[in-house]
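>>> Show me how the following folds:
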Amino acid sequence: MKCIVPPREDSGKVTVTFKSSGHGFNSKSYYYESNLTPSIISFTPNNGVAGDKISVQLGNTLSPNTTDYTISFGNGGKCDVVDLNNSTNSLECVLQSHPAGAYNMSLDVFPYGRSNSSAFTYNLDINPSPVGESGFGGGHLLTLNGQGFSDETIVTICESPCKLVSVHQESILKCLTPMYAEHETRKGDVQCNIKIQQNAITKEFASAYSYKESLTSEILDVSSRRLGTGGGKRLTVTGTNFRNTVPGQICYQH
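Got it, this is the predicted structure:
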């Protein structure tokens, strides 16, 4: 059986008891020692994105081996230790990919356990600045490149949500742009802000998306309004500003 012991504020001896199905076993003594407790004094910078190097000042160096040191964040983020300086009680690590937000960073030194935790912020980085355009009906596949995305990322265009399609390795997000809310009455082109939110971090890009009248299709008539459930009937759709279509393209019901 293996278990993880809870933290304790001061040094001292505690009693570890074992029970199974209500039956007790022999108790053992366990010692907490402050001089064997890893500690983080400071680190710089206190924010970053994947690939950034972080310098960490330690209260003590409990092992000469970099492989014994693990720096992690509360929900799975990691900073890979690449250098350890025993004479200055410091180390350097490289941030791995992780959704943007504020997290508690802690150090684990094998076999001594965990350190205190300190606040660290994974930044939301968008590069290059997003741009896009479509007709007022939306439906354009917008691709955002950067760092810090997740399935919880919210993208809005003119305050309407862009429907999430996929997120790849926290660095590429794709979503389908929404229909412009006032499409039935609006005349002329519209410039919209693109807003990206991840946890409590927000990035906004002014006039980054364009709804254009010249790109807007309009359906005026459909040759038949009734058909059997088996489909297979040819329909003629009359309208304006249609783009070239591929023969055999499927009509979709929304």
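>>> What strand or helix carries the residue nearest to residue 143 when sequence neighbours are not counted?
Once flanking residues are discounted, residue 143 sits nearest to residue 174: 5.2 Å by C-beta to C-beta, 6 or more residues apart in numbering. C-betas here are computed from N, CA, C, even on glycine. Under the criterion of DSSP states H and E, residue 174 resides in strand 172-176.
>>> which parts of that strand are buried?
173, 174, 175 (16 or more other C-beta atoms under 10 Å).
>>> Also stretch 191-209?
Using 16+ other C-beta under 10 Å as the test for burial, stretch 191-209 gives 192, 194, 195, 196, 197, 198, 199, 201, 203, 205, 208, 209.
>>> List the contacts of the residue lying closest to residue 34 once chain neighbours are set aside.
Counting by C-beta to C-beta, 6+ apart, residue 34 lies nearest to residue 11, which is 4.8 Å off, once chain neighbours are set aside. Applying C-beta atoms under 8 Å, 6 or more residues apart in numbering to residue 11 gives the contacts 31, 32, 33, 34.
>>> circling back to that earlier point, what's across from the residue nearest to residue 143 in the sheet?
For residue 174, the beta-bridge partners are residue 143, residue 166 (DSSP bridges).
>>> So it is in contact with residue 163, correct?
No. Counting by C-beta atoms under 8 Å, residue 174 does not reach residue 163; the two are 9.8 Å apart.
>>> So which of the buried residues of stretch 191-209 are in strands?
Using DSSP state E, 192, 194, 195, 196, 197, 198, 201, 203, 205, 208, 209 are the members of these that sit in strands.
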